[in-house]
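Asker: Kindly generate the corresponding structure for this input.
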Amino acid sequence: MKQKRLLSMFLAFVMVTVLALPAGAVKLNIHASSAVVMDHQTGEILYAKDPDTARVPASMTKVLTAYIMYQEMERGNLSKTDLVTISPHVAAISRDSSYPQPVPLVAGGTYSVDELLNLIMIPSASASCIAIAEHISGSEQAFVKRMNETAKSFGMDATYYNSHGARINYITARSMAILVRKFIQDYPDILNYTRKSSYNFRGRTYGNTNHLLDTMYYEGADGFKTGTIAAAGYCVATTATRNNRRIISIVMKSSSTSQRFVDSKILLDHGFAEVARRDTAREKTYLKDLSVPAQAIPYMPMQVSVQIGGVTTPYTCEAEWTVNGKPVAGFTNPASKITDRKISTLIYTPSASEMGTTLAVGFTLKFPNGKTVERTMAVPVAESMGLDGQLNLHTASVYGGHPLTVQGTISSEIAVPEMTVPVQWELNGTPIAEPNTVTLKNGIGISTAAFEIPMDLIGEKAEVALIVDPMGTSPLRLTAEIKVVD
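Answerer: Have a look, this model is predicted:
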């Protein structure tokens, strides 16, 4: 019995330990040097093995080339029916076996953008990439410059020297996943190409190099792109859908052409299982109040906190704080890392216009399936600041053209360690200084105005005023009368 108890305790420990492991710490039996599994909907990395080492992608390079083709189509500069004329340089490369995959193109001949896109994404025809590069940018060199600019704009760690990958380029597995996700998000039509198991080009059929679509079939697979040269090893980006969820898998430098697909199956299986765990955790998530003030005070930062519970597996989602239904600037995170017992805090300063109202303070977690978990708290705002004060003069005679300094002492019935309120100094109703603030410490603060008496007021009476909380519902106005003499 004692041995059984010890065994049960050990197994429980192992299960807890496995659940606690971060995505990158899970051990999967794959041969790839670098690998990434990504949830397409959220962008979460569900598994990572050396994801940030720049490696040679080989023909996975063609993914960015195809993406730029779609950019040009979206901008109206290119259509699938447009004809591309083949240069002698491209025609020669199309027959060169050192450029995978040789698909002969005729110099001076014309081929539609649709044909070239099929050749790029299915048999991986490198010459077709150069043909498109020349057509779009005038030269492959100019096109490659655009590739690098595009990659940088996506936040990718990648360096391209050519448009096809038959020669060396560099990219990390994480960046490859980012690119595939963005491609599918921006131009889902690409899946109509990548899901084909073969393509018939002018009388000859070319098979798709992604064998998850045929000989190593994987349920739900519909793309994406392979890559193989000596410097790269065996690479493949794949994607599949099940139960309305899409997983993206990246394999770089696997040990053989078949092993990269074995690796991909393991990674995709892990991705779908991990997504299911995280979706379950989202369903079980709840929120509870942790810190809610009994009353808010205008101009005083208030703090509201909630604690997240029921999270059995950490996940990512959008987290948002709102006040009266409006998002609070700086308090929305589209990719918040959610863990059990995590605390989220809003710091918000009520305005004068909110005095005497009740704030509906809300915190919401927004999930990929459109569902939400939210908590709303009511926080009343003080009806009055209880402001009072006086100027250091009531009446005075002053000389025109001479400086005058007036000081106002301000107090508040709300005795807090520190409070900052807006003030405005005026002379005969006209501001004599930029809008300012005064800090009340333990309910007391001082504001000073130094200005020159206008000469055109000589012989006249004038009013100096300090308006405290000028935008509030009942601003405090402190005044003094001056007689301007020559």
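Asker: got the buried residues for the helix ranked longest in the chain?
Answerer: As assigned by DSSP state H, the longest helix anywhere in the chain is helix 257-284. When burial is assessed from 16 or more other Cβ atoms under 10 Å, helix 257-284 yields the following buried residues: 259-272, 274-275, 277-279, 281-282. Placement of C-beta: from N, CA and C, glycine included.
Asker: where does this protein dip in pLDDT?
Answerer: 1-25 (pLDDT under 70).
Asker: Who are the contact partners of the residue nearest the centre of the chain?
Answerer: For the chain, the residue nearest the mean C-alpha position is P334 (5.8 Å; Cα atoms, centre = their mean). By Cβ atoms under 8 Å, 6 or more residues apart in numbering, P334 lies in contact with E318.
Asker: What distance do you get for it to L346?
Answerer: According to Cβ to Cβ, to the nearest Å, P334 and L346 sit 17 Å apart.
Asker: Next: Q141.
Answerer: Applying Cβ to Cβ to Q141 and L346 gives a distance of 52 Å.
Asker: between these two, which one's more packed in?
Answerer: Legend: neighbour count by other Cβ atoms under 10 Å for Q141 and L346, higher for L346 (21 against 13).
Asker: helix or strand for the more buried one, which one?
Answerer: Per DSSP states H and E, L346 falls inside strand 343-348.
Asker: got the CA coordinates for that strand in CSV?
Answerer: The C-alpha atoms that make up strand 343-348 are tabulated as CSV, following Å, rounded to 0.1, in the frame of the first residue of the first chain:
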residue,chain,number,x,y,z
ILE,A,343,-3.6,40.7,-10.7
SER,A,344,-4.5,43.5,-13.2
THR,A,345,-4.7,47.1,-11.9
LEU,A,346,-6.2,50.3,-13.4
ILE,A,347,-4.9,53.7,-12.3
TYR,A,348,-7.4,56.3,-13.3
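Asker: Can you show me the strands along the stretch 151-300 of the chain?
Answerer: 158-159, 170-171, 198-201, 204-207, 221-229, 233-242, 245-254, 286-291 (DSSP state E, counting those that start in this stretch).
Asker: residues near the closest residue to M302 other than its chain neighbours, how many?
Answerer: Among residues not flanking M302 along the chain, A296 sits closest, at 4.6 Å (Cβ to Cβ, 6 or more residues apart in numbering). Residues lying near A296 (other Cβ under 10 Å) number 23.
Asker: repeat for S351
Answerer: Neighbour count for S351, taken as other Cβ under 10 Å: 13.
Asker: residue contacts, the closest residue to it other than its chain neighbours?
Answerer: Distances taken as Cβ to Cβ, 6+ apart place P298 nearest to S351, at 6.4 Å, with adjacent residues excluded. Residues near P298 by Cβ under 8 Å, 6+ apart: 349-352, 354-355, 381-382, 385, 421, 469, 472.
Asker: Which strand residues bridge Q390?
Answerer: Counting by DSSP bridges, Q390 is bridged to T409.
Asker: Kindly export stretch 155-175 (C-alpha atoms) in PDB.
Answerer: Extracted in PDB, the C-alpha atoms of stretch 155-175 (Å, rounded to 0.1, in the frame of the first residue of the first chain):
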ATOM      1  CA  GLY A 155       9.100  42.800 -37.000                       C
ATOM      2  CA  MET A 156      10.900  39.700 -38.500                       C
ATOM      3  CA  ASP A 157      14.500  38.700 -37.900                       C
ATOM      4  CA  ALA A 158      15.400  37.900 -41.500                       C
ATOM      5  CA  THR A 159      18.000  38.800 -44.200                       C
ATOM      6  CA  TYR A 160      17.300  38.100 -47.900                       C
ATOM      7  CA  TYR A 161      19.900  38.000 -50.700                       C
ATOM      8  CA  ASN A 162      17.600  36.500 -53.300                       C
ATOM      9  CA  SER A 163      13.900  35.900 -54.100                       C
ATOM     10  CA  HIS A 164      13.900  32.100 -54.300                       C
ATOM     11  CA  GLY A 165      16.000  30.400 -51.600                       C
ATOM     12  CA  ALA A 166      18.100  28.300 -53.900                       C
ATOM     13  CA  ARG A 167      21.000  30.300 -52.500                       C
ATOM     14  CA  ILE A 168      21.500  31.400 -48.900                       C
ATOM     15  CA  ASN A 169      19.100  33.700 -47.000                       C
ATOM     16  CA  TYR A 170      18.600  33.800 -43.300                       C
ATOM     17  CA  ILE A 171      15.500  33.800 -41.000                       C
ATOM     18  CA  THR A 172      14.500  32.500 -37.600                       C
ATOM     19  CA  ALA A 173      11.800  29.900 -37.000                       C
ATOM     20  CA  ARG A 174       9.800  32.500 -35.000                       C
ATOM     21  CA  SER A 175       9.900  35.000 -37.800                       C
END
